[in-house]
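Trainee: What would the 3D arrangement of this be:
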Amino acid sequence: MTNFLRENCLRYSTTLILALTLNSSLLIGCSQEQKPRINSSFPDELKLGALLPVTGDLSSIGQNMPEAVKLAIDEINACGGVNGTSVTLVTEDTQTDPTTGVSAMTKLAEVDRVAGVVGAFTSSVSSAAITIAAKNNVMLVSPGSTSPVFTEQAKNGDFKGYWARTAPSDTYQARALAALASKEGFKTIGTVVINNDYGVGFEQEFISAFEKQVGKIIGKRKPIRYDPKAAVLDSEAAAAFTGKPDAVATALYPETGSVLLQAAYKQGLTQKVIVLLTDGVYSEDFVEQVGKTPNGRSILAGALGTVPGADGEVLETFTTKWKEKTGNKLTAFIPHSWDATILLMLAAEAAGTNTGEGIKSKIYEVANAPGIEVTNPCKAIELIRNGEEINYQGASGNVDIDENGDVVGIYDVWTVKEDGTTEVIGQISPANVTDD
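Mentor: Predicted coordinates for the structure are as follows:
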């Protein structure tokens, strides 16, 4: 190699080394100036999950719930997302089955690594899912798990704060149904419930509340509880309607509940007995499953039920939006699913981090006073970005979540008409039942 080439190669190498050193310094300096993430194992975007029953025993109610979750996410993404990024959704079908729900929740937490989950719906699935959620620092907000068991477990610290719900506990719904039974003048009532957390919890609260109204429960010492997997329920139906009660209070799931009520009708047990129903079967699909008499009258005609309700202009505005965006009728727990999703996103924005830990730290703050009362989700998130405290008012109610993750709501009273359609005919409050 000539001296000329040697000198030029040396000069080029020195220049290249200086350039690389300068670029490395710049890169290190930039990285040092970046704000560190609280939990680097989570992606930058906010990822949420939906853990809801699209199929199975409660699919007639649950199949529209993921659509409400998606609608809420689309709303927030349209006004800038959360913490400067878009929100993504992973939907899992629980099939109304705890075993399937556990697998789905494990996938959401450990594979998809979501920060928050809207779900589950059934109390039995939520009971199985919350352990996985809490272990993985994932905030679980249920739009429909109403078992009183969750309140006691939350008080004991079992969930580490990673649990809340937008539907009120069955402690309140059972009292509301007891108040309705008392208002209707019923003196003697039989009971029959599905044998799981939801059914048994509801039964116990209802019996306690109705007896405080000087009512009598038939078969109290040996309550009728049916197997969720049973195919034939003739004996359970006969036992529930024995003793000529004024009414039979039920806590059912649609598929199995329809089998039980069909059995009661075929045995001639439903004449002059009012069936009292709950939110779990609030759908015309369920009424159709139970069937009609030979003259075309619904078997459930005259039945009365309760379902978590809402009040005011917020619900009307949301109902209009729902019908415009989906073309579907607004069914039970759709507003509660919307509110659960909105709360998760508002809490993440308030925390300034798209993690489950961040959501947990702020969800009670954005749902409660003090703060500016706000109903529009985009306005709410704008206020948070501007450093304001908010008190979100939801489509399902004020969603004032307490330290146990509970809300107290009001209840719509609904009935089944002769043609099999359902109609809301009033409202009732758990406050109508007095505690001693």
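
Trainee: Reduced to three states, what does Glu92 come out as?
Mentor: With DSSP: H, G, I helix; E, B strand; the rest coil as the basis, Glu92 sits in strand.

Trainee: Can you tell me, leaving aside adjacent residues, what's nearest to it?
Mentor: Residue nearest to Glu92 in three dimensions, not counting chain neighbours: Ala104, with 3.7 Å by CB to CB, 6 or more residues apart in numbering. All C-beta spots, glycine's among them, are computed from the backbone N, C-alpha and C.

Trainee: Give me the buried positions along the helix or strand harbouring Leu383.
Mentor: Assigned by DSSP states H and E, Leu383 belongs to helix 377-385. Judged by neighbour count using 16 or more other CB atoms under 10 Å, the buried positions of helix 377-385 are Pro377, Ala380, Ile381, Glu382, Leu383, Ile384.

Trainee: cool, stretch 348-362 as well?
Mentor: By 16+ other CB under 10 Å, the buried positions in stretch 348-362 come out as 348-351, 353-362.

Trainee: looking at it, Ala237 is touching Leu260, isn't it?
Mentor: Yes: assessed by CB atoms under 8 Å, Ala237 is found in contact with Leu260 at 5.2 Å.

Trainee: which residues do the two both contact?
Mentor: Counting by CB atoms under 8 Å, 6 or more residues apart in numbering, the common neighbours of Ala237 and Leu260 are Val192.

Trainee: avg pLDDT for the helix holding Leu383?
Mentor: Across helix 377-385, the average pLDDT comes to 98.

Trainee: Could you shift the numbering so residue one becomes 32, and keep it that way?
Mentor: Got it, first residue is 32 now, which makes that one helix 408-416.

Trainee: Following element in sequence after it, please.
Mentor: Using DSSP H and E, the helix or strand that follows helix 408-416 in sequence is strand 421-423.

Trainee: Who are the packing partners of that next one?
Mentor: Contacts defined by 3 or more CB pairs under 8 Å, 6 or more residues apart in numbering; DSSP states H and E place strand 421-423 against helix 365-382, helix 387-398, strand 403-405, helix 408-416.

Trainee: Report the separation between the closest residue to Ile421 other than its chain neighbours and Asn435.
Mentor: Spatially, and ignoring its direct neighbours in sequence, Ile421 is nearest to Gly402 (4.5 Å; CB to CB, 6+ apart). Per CB to CB, to the nearest Å, Gly402 is found 20 Å from Asn435.

Trainee: repeat for Tyr313
Mentor: 25 Å.

Trainee: Of the two, which one has the most company?
Mentor: Counted by other CB atoms under 10 Å, Tyr313 and Asn435 do not tie: Tyr313 has more neighbours, with 23 against 17.

Trainee: Looks like the more buried one contacts Val447 (just checking).
Mentor: No: using CB under 8 Å, Tyr313 is not in contact with Val447; the gap is 10.2 Å.

Trainee: Now the common contact residues for those two.
Mentor: Contacts common to Tyr313 and Val447, judged by CB under 8 Å, 6+ apart, are Thr453.

Trainee: contact partners of stretch 324-337?
Mentor: Contacts for stretch 324-337 (CB under 8 Å, 6+ apart): 204, 207-208, 211, 215, 292-293, 296, 301, 305-310, 312-313, 318, 321-323, 442-451, 459.

Trainee: I'd like the list of those residues that fall within helices, please.
Mentor: Gln204, Ala207, Leu208, Leu211, Leu292, Gln293, Tyr296, Val318, Val321 (DSSP state H).

Trainee: For the fourth one, which non-adjacent residue is spatially closest?
Mentor: Pointing back at Leu211 there. Nearest non-adjacent residue to Leu211 (CB to CB, 6+ apart): Ile459, at 5.3 Å.

Trainee: quick one on the thing from earlier: just checking, what packs against the helix holding Leu414?
Mentor: helix 96-109, helix 365-382, strand 403-405, strand 421-423.

Trainee: Quickly compare those and say which is most buried.
Mentor: With neighbours taken as mean count of other CB atoms under 10 Å, these reach their highest mean count in helix 365-382, at a mean of 28.

Trainee: Output that helix as CSV - backbone C-alpha positions only.
Mentor: Output of helix 365-382 as CSV, limited to C-alpha atoms (Å, rounded to 0.1, in the frame of the first residue of the first chain):
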residue,chain,number,x,y,z
ILE,A,365,-75.1,-2.6,28.4
PRO,A,366,-74.8,0.8,30.3
HIS,A,367,-72.8,-1.0,33.0
SER,A,368,-70.4,-2.4,30.5
TRP,A,369,-69.9,1.0,28.9
ASP,A,370,-69.3,2.6,32.3
ALA,A,371,-66.8,-0.1,33.4
THR,A,372,-64.7,0.5,30.2
ILE,A,373,-64.8,4.3,30.5
LEU,A,374,-63.7,4.2,34.2
LEU,A,375,-60.7,2.0,33.3
MET,A,376,-59.6,4.5,30.7
LEU,A,377,-60.2,7.6,32.8
ALA,A,378,-58.2,6.1,35.6
ALA,A,379,-55.3,5.3,33.4
GLU,A,380,-55.2,8.8,32.1
ALA,A,381,-55.4,10.2,35.7
ALA,A,382,-52.5,7.9,36.7
